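Student: Everything below, folded, please.
(one chain, ligands or ions: 1)
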Amino acid sequence: MFSIDIQYVKGVGPKRAELFSKLGIDSVGALLQFYPRAYIDLQQTLPLSQAPFDAPCAVLGRVVRKLPPARLGGGKTLYKLLATDFTQDFAVVFWQNRFPYESLKEGQDYLFYGKFGGTLTQREINSPLFLPEGERRDLLPVYPLTKGLTSKAVATAVENALAAYGEEIPDPLPAPVQAEYQLCRAGYAVKNIHRPETAQAAQTARRRLIFEELLVLQLGLGSLKKKGREHTDLQIPAADLGPFLQALPYSLTGAQLRCIGEIGGDMAGAVPMNRLLQGDVGSGKTVVAAAAVYRAAQAGVQSALMAPTEILAAQHHRTLEELLRPLGLTVALLTGSMKAAEKRAVLAGLQDGSTDLVVGTHALLGEAVSFAELGLVITDEQHRFGVNQRGALGDKGRAPHVLVMSATPIPRTLALIIYGDLDISVLDEKPAGRREIETFAVGYGRYQRALNFAEKQIAAGHQVYVVCPLIEEGESELESVSAVRDQMAAYLPHRRIGLLHGKMKAREKEAVMAAFSAGELDALCSTTVVEVGVDVPNANLMMIHNADRFGLSALHQLRGRVGRSDCQSYCILLSKSGGEGARKRLQAMCESSDGFALANLDLEMRGPGDFFGAAQHGLPQLKIADLLTDRTTLAETSAVARQLLDEDATLRRWPLLRQAVGRLFSSISENGFN
Ligand SMILES: Nc1ncnc2c1ncn2[C@@H]1O[C@H](COP(=O)(O)OP(=O)(O)OP(=O)(O)O)[C@@H](O)[C@H]1O
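Tutor: Here you go, the predicted model:
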């Protein structure tokens, strides 16, 4: 029943099915899981005389007369009806839409919901929602919409699907769990989330569906983790890190030493390491990873580091080669844009074991990539990879140790869900001598002053980043960044100003980045491709155009590109006067440089759905639960998930639950759980 094509639902058909598919709904199952965004509360109706002009409300009224459709200029048609709430007359108006007009009948009573405008004596309601009085309900569902599909159309399709298949809705929750947590049955929940009998029933339904979704999510994550923990045969004994530490150009922070110790302890253990290394921007994660690679190489096994972009892979390659080559390690780079002959040479080195570390993009997942003995897998910015991709790289070794590096400060409660039972090491200390980045939020009236300030920094031997999002609606990112670069070049004609954007070829990007890194460019105008991980310590000014368009976490990441040495750094946030939210974000940036504090604020302001940006973190998209507000249920389901997985890690004992996990994770996993 879940997989039946939506076009076969009564009243849908192939044409509407296309509209539904824009919402990601192509089956009956997906339709029934397309939950209302909100409900309209029809429990209270108002007499028309009390209906506010500026807010929607429900009024009970009778259609008195349908006026003939009026054709207006521009091919538009106005459909108007006269109605009364028995104390006062009002007009009901539909533009261009004859269907509701046709379905309303003269002499019948309806509940009209919407904003009643017009004048005190001549009230008028435009395109209201309406229900025949006899079908009156407490709550009316409101669905998220796509063009051409009304909330009513969705509601009708859902009702038809419920009428046809409502009795067949399977219940994946084991009965004891249901009893213990006093949850209603699945069929009742699905019916009442869409067509609640009462407000209380909607609540009960919601609780049950949230519980099920979070349980399924945690079971899925839990069984992925368990898979990784089954093998236990690769132990890497503690190595003498002396030579590594002596070769470093600086001494490590206490936090770095602690994290290196924790990682070393894991690698020596009988169970493969599964650790998240979290550190705020600029906290020095790379060198911690390098220590782990050094340790692996001492034990004669290879390491692989996967980065989300070619720029980052190239940079990590440069840094790690500098750190590790003097110690006798061989470091290679593998990216999709390399020439075939270069790739072949790298692949050969991995296969015969002569290469100790390969740094690359997801090209590392390619079939042709095989290792003599892969012992350590490191992924940078893991939230940009799927949970499964990390596993795929791991599958290239017998049971490699896994280290995940993330610069996105995630509040601990959420990290625990996303990274499940990964152990967590936190770099909570910046290298000595780092100064607070001075941050200013200014309007475009001060753009010229900002440019003068940039000139001053360049004259003092520093470098400058300039980041642009789209400037005008409809303009491409490329146009806007080029325009900003040209403007800057005209103002500072004697300076070398580079351009970097996503449409450039990987090699061109790499060349520009390398030139900036080598100090051959004074300023770099860029789109957000520099957002994560780029490390050029000599740059000390970050100028962000239209800063109000960015979220807090992105701004913090961008700002983190400066302040990476012991000289004073600055961040200038340029914006036109934005809305309240933007103002708050920019103010928070000026007041705080703590990534965790900013991430918490970001979550509060935007909600986690947005914070994690849909699928980019490799988690399936949740349909009803909210990781932030449903924390109590999260704790409950986490206990249940652990218990069920302990009883049967394959979930075969609960086939429906197993299927539900497969469905939720199908968006991120090709082979799913089947
Ligand atoms: N203990 C230290 N003392 C001085 N400098 C250090 C120390 N550790 C790292 N660095 C330098 O600090 C800079 C930032 O380090 P790194 O690039 O590893 O940061 P990161 O944690 O990856 O940050 P991001 O997530 O922002 O990329 C680098 O230039 C690195 O050489």
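Student: I'd guess residue 652 is in a strand, am I close?
Tutor: No: counting by DSSP: H, G, I helix; E, B strand; the rest coil, residue 652 is not part of a strand but coil.
Student: Now do the contacts for it.
Tutor: By CB atoms under 8 Å, 6 or more residues apart in numbering, residue 652 lies in contact with residue 658. Backbone N, C-alpha and C define where each C-beta goes, glycine included.
Student: For this structure, list the residues in contact with the ligand, please.
Tutor: By the rule CB under 6 Å from any ligand atom, the part of the chain lying against the ligand is 250, 252-253, 256, 279, 281-287, 407, 431, 533, 535, 537, 560, 564.
Student: Separate out the buried members of these.
Tutor: 252-253, 256, 279, 281-287, 407, 431, 533, 535, 537, 560, 564 (16 or more other CB atoms under 10 Å).
Student: Now the helix or strand hosting residue 204: buried residues?
Tutor: For residue 204, the enclosing helix or strand under DSSP states H and E is helix 199-229. Neighbour-count burial for helix 199-229, counted by 16+ other CB under 10 Å, picks out 201-202, 204-225, 228.
Student: That helix - contacts with which helices or strands?
Tutor: Judged by 3 or more CB pairs under 8 Å, 6 or more residues apart in numbering; DSSP states H and E, helix 199-229 is in contact with helix 186-194, strand 274-279, helix 387-394, helix 412-418, helix 631-647, helix 655-665.
Student: Deepest in the core, which of the ones you listed is it.
Tutor: strand 274-279 (a mean of 24; mean count of other CB atoms under 10 Å).
Student: which residues of the stretch 351-500 of the chain fall in strands?
Tutor: In the stretch 351-500 of the chain, the strands defined using DSSP state E, counting those that start in this stretch lie at 357-360, 374-380, 401-406, 423-427, 438-442, 463-467, 497-500.
Student: can I get those in a markdown table with mean pLDDT and distance to residue 291?
Tutor: Output for the strands of the stretch 351-500 of the chain, formatted as a markdown table (pLDDT from 0 to 100; distance: least, CB to CB, whole Å):
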| stretch | mean pLDDT | distance to residue 291 |
| --- | --- | --- |
| strand 357-360 | 97 | 12 |
| strand 374-380 | 92 | 11 |
| strand 401-406 | 88 | 11 |
| strand 423-427 | 85 | 12 |
| strand 438-442 | 94 | 32 |
| strand 463-467 | 96 | 29 |
| strand 497-500 | 93 | 31 |
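Student: Can you add mean neighbour count and distance to residue 159 and give these back as a markdown table?
Tutor: Output for these, formatted as a markdown table (neighbours: other CB atoms under 10 Å; distance: least, CB to CB, whole Å):
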| stretch | mean neighbour count | distance to residue 159 |
| --- | --- | --- |
| strand 357-360 | 27 | 52 |
| strand 374-380 | 27 | 46 |
| strand 401-406 | 25 | 44 |
| strand 423-427 | 19 | 47 |
| strand 438-442 | 17 | 50 |
| strand 463-467 | 26 | 49 |
| strand 497-500 | 22 | 53 |
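Student: Tell me which of these sits nearest to residue 96.
Tutor: strand 463-467 (43.2 Å; CB to CB).
Student: And the closest one, how far out from the chain middle?
Tutor: In this view, strand 463-467 has its centroid 26 Å away from the chain centroid, taken as CA atoms, centre = their mean, to the nearest Å.
Student: Tabulate the CA atom coordinates of it in CSV.
Tutor: Extracted in CSV, the C-alpha atoms of strand 463-467 (Å, rounded to 0.1, in the frame of the first residue of the first chain):
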residue,chain,number,x,y,z
GLN,A,463,46.0,39.8,2.7
VAL,A,464,42.3,40.3,2.4
TYR,A,465,39.3,38.1,1.7
VAL,A,466,36.2,39.5,0.1
VAL,A,467,33.1,37.2,0.0
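Student: Find the closest residue to the ligand in the stretch 1-150 of the chain.
Tutor: Nearest residue of the stretch 1-150 of the chain to the ligand: residue 24, at 32.8 Å (CB to the nearest ligand atom).
Student: And the pLDDT for that residue?
Tutor: We have a pLDDT of 82 for residue 24.
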